[in-house]
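> the sequence and its predicted three-dimensional model are supplied below.
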Amino acid sequence: MARHIDILEHPQTAIEVASATLAEGLPIGLPTETVYGLAADATNPAAITRIYETKGRPRFNPLICHMSDLAMAERYAIFDPISRKLAEAFWPGPLTLVLPLRPESGIHPLATAGLDTVGIRVPQGFAGELIRAFGKPLAAPSANTSGKISATSADHVDDDLGERITLILDAGASVVGVESTIVKVEDGELRLLRPGGLAAREIERVAGKAVKRKRGAAPAIEAPGMLASHYAPGAAVRLDATDVSPDEALIRFGTPEIAGIGNAVAVLDLSPSGDLSEAAANLFDFMKRADATGAVTIAFSHIPDEGLGEAINDRLRRAAAPRA
Ligand code: TXA
Ligand code: MG
């Protein structure tokens, strides 16, 4: 069993125990505004190896390196003008920038899977404070077994990885609820590698240019983590449902009419008022809850593809994809 420390009740203890655990090369469960991370010292190869082992994650899939602020990030990566503008506008926050890695910066090649680029993010709140105190970047993928649903609470982390890690910091439910948006500037073009907790249109507003989306399968090297089947619950997933059968759990957005709703195994409302931020915050917890009912299939009603809906639908399509 992992030790839990509530960061609101015991912030100082959390910083001290977490720093000591990280210094030993052990990964910890770390709350961020997007999802909980499985965080370890990005400069320590043994620590990074433990992240991959704990998650069962393929090692060709690089990790996001978390920094305390832009000044720290500049020590590890080279910023072009557009990326710097985005960092100034959105950090700390749910934005990851893929940037050229500074040679000899200290980030271990295991964290970047040997690429000459690095994904960097400055998280909001406690995670940033911990990184400042620890003084080194933290590599942190989402704190879930590879291919499974990301964790948005300390209990989710414990249920999935509690036997394999020693410490989980608890900050309650993650406010954003989906992972960061990942972008990369290439030849002056802004490319969306993963839709996430920062809506693409916000990025376009600040950058003053359109983000280019990849349609279809991305080349493995571009976003190695974007495997088709991902975010998979035990149950099958069905999208754009307008009806529900008695062996299905229903997850609704807004209050659409759904035929057969009275016989569903369970009905969960992501956001009765149709608020996409609220829906994103509830998404992974509701998927886990629907899964726990033992329903054969989780049926989702339609969710619009605008704003944060793009990230929600991306995760749902992956959850619904054929499983390997
Ligand atoms: O919100 C988040 O981003 C969370 C929290 C913990 O910060 N982290 C997260 O990490 O979602 P993870 O490992 O589950 O997803 C990282 C994604 C993967 O798809 C990976 O392939 C991509 O980022 N990535 C990391 N470094 C990259 C790079 N240099 N080039 C392209 N993609 C990269
Ligand atoms: Mg993940």
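Done, it's in. Numbering: from 1, shown residues only. Ligands and ions are numbered 1, 2, ... in the order given.

> please state the backbone phi and psi of the nearest residue to V98 once chain neighbours are set aside?
In this structure, V98 finds its nearest non-sequential neighbour in K184, 3.9 Å apart by CB to CB, 6 or more residues apart in numbering. Every C-beta, even on glycine, is put in place using the N, C-alpha and C of the backbone. K184 adopts backbone torsions of phi -140, psi 130, taken as degrees, to the nearest 10.

> isn't K184 right up against P100?
No: K184 is not in contact with P100 according to CB atoms under 8 Å; the separation is 10.1 Å.

> mind listing the shared neighbours of those two?
T117 (CB atoms under 8 Å, 6 or more residues apart in numbering).

> who has more neighbours out of the two?
Using other CB atoms under 10 Å, the more surrounded residue of K184 and P100 is K184, with 19 against 14.

> check which element follows the lengthiest helix in the chain along the chain.
Longest helix of the chain, by residue count under DSSP state H: helix 276-292. The element immediately downstream of helix 276-292 (helix or strand, assigned by DSSP states H and E) is strand 297-300.

> please point out which parts of the very next helix or strand once past that following strand sit buried.
Sequence-wise, the next helix or strand downstream of strand 297-300 (DSSP H and E) is helix 309-320. Neighbour-count burial for helix 309-320, with 16 or more other CB atoms under 10 Å as criterion, is recorded at G309, E310, A311, I312, N313, D314, R315, L316, R318, A319, A320.

> now for the residue nearest to the last one when sequence neighbours are not counted: which residues touch it?
It stands for A320. In space, and not counting its chain neighbours, A320 is closest to V237: 4.1 Å by CB to CB, 6+ apart. Shown in contact with V237 (CB under 8 Å, 6+ apart): T297, I298, F300, L316, A319, A320.

> farthest-separated two in the residues you listed?
T297 and L316 (13.0 Å; CB to CB).

> domain assignment for this structure?
Recorded structural domains for the chain (assignment: automatic domain parsing) are 3-213, 236-320.

> show the average pLDDT along the last one.
This means domain 236-320. Here domain 236-320 scores 97 as its mean pLDDT.
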